[in-house]
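# Give me coordinates for this.
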Amino acid sequence: MSEHTERPGRGGNAADAEAVRAVLGGDVERYAELVHRYRDRYARYATQLLGSVDAAEDAVQDAFIRAFDQLSQCREPGQFVNWFFLILRNRCLADRRRGKKRSGLDDVGVALMTAPGMASDRVEQREDVYVLQRALMELTEEQREVFALRHVEGWSYEEIAAQTGASMAALKMRMHRAYEGLRQILRKGE
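Residues are numbered from 1 along each chain as shown. Got it, this is the predicted structure:
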């Protein structure tokens, strides 16, 4: 894995450490490197958690602003990605608790399925993705998070446990329940 695709729980990242130290030293333009490196990946995570592209973009942007404002509190510059993930996760969970949702998956699905020039097989694939996204939104917050981190982001259970503080047994139980919940939800839709 290259230094620019470092995932949480995978040790220090020299490029992150260098950028953080530069920003703290006054070269604030270097913060853009960190934003560029992690924005898209964590927008996917936030979208899975919040069920809305717009809400996810807002959450990621807000998390990057908070991280910039509090960068001096990042004790291990090489662990920026771990520290940032916790800021974003807390922001997403707070939004979910408040029931914040600006644009639902209905809007996303309609936009995907009605895009001009889409081949019919691609439309069917998009519809399948849309059905799965809607089903995921019916799971509990904890089930949806472990599912997204494991299957969308490709994290191991060890990485998820390190970042969320949940035990391996709890994560595996959440995943089992997520699979069972998805099976039931998808059967209802057949």
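# so how many other residues sit close to residue 72?
9 (other C-beta atoms under 10 Å). To be clear about C-beta, it is placed using only N, CA and C from the backbone, and glycine gets the same treatment.
# ok, the residue nearest to it when sequence neighbours are not counted - contacts?
Distance criterion C-beta to C-beta, 6 or more residues apart in numbering; nearest residue to residue 72, sequence neighbours excluded, is residue 24 at 6.3 Å. Residues in contact with residue 24 (C-beta atoms under 8 Å, 6 or more residues apart in numbering) are 71-72, 77.
# Kindly report the same for residue 77.
So residue 77 contacts 16-18, 20-21, 24 (C-beta under 8 Å, 6+ apart).
# residue ranges with poor pLDDT in the protein?
Scanning the chain for pLDDT under 70 picks out 1-12, 100-129, 189-190.
# can you give me the helices in it?
Along the chain, the segments classed as helices by DSSP state H run 14-24, 31-50, 53-69, 80-98, 105-113, 120-136, 141-147, 157-164, 168-188.
# Tell me the buried residues in the third one?
Within helix 53-69, the residues scored as buried using 16 or more other C-beta atoms under 10 Å are 53, 55-60, 63-64, 67.
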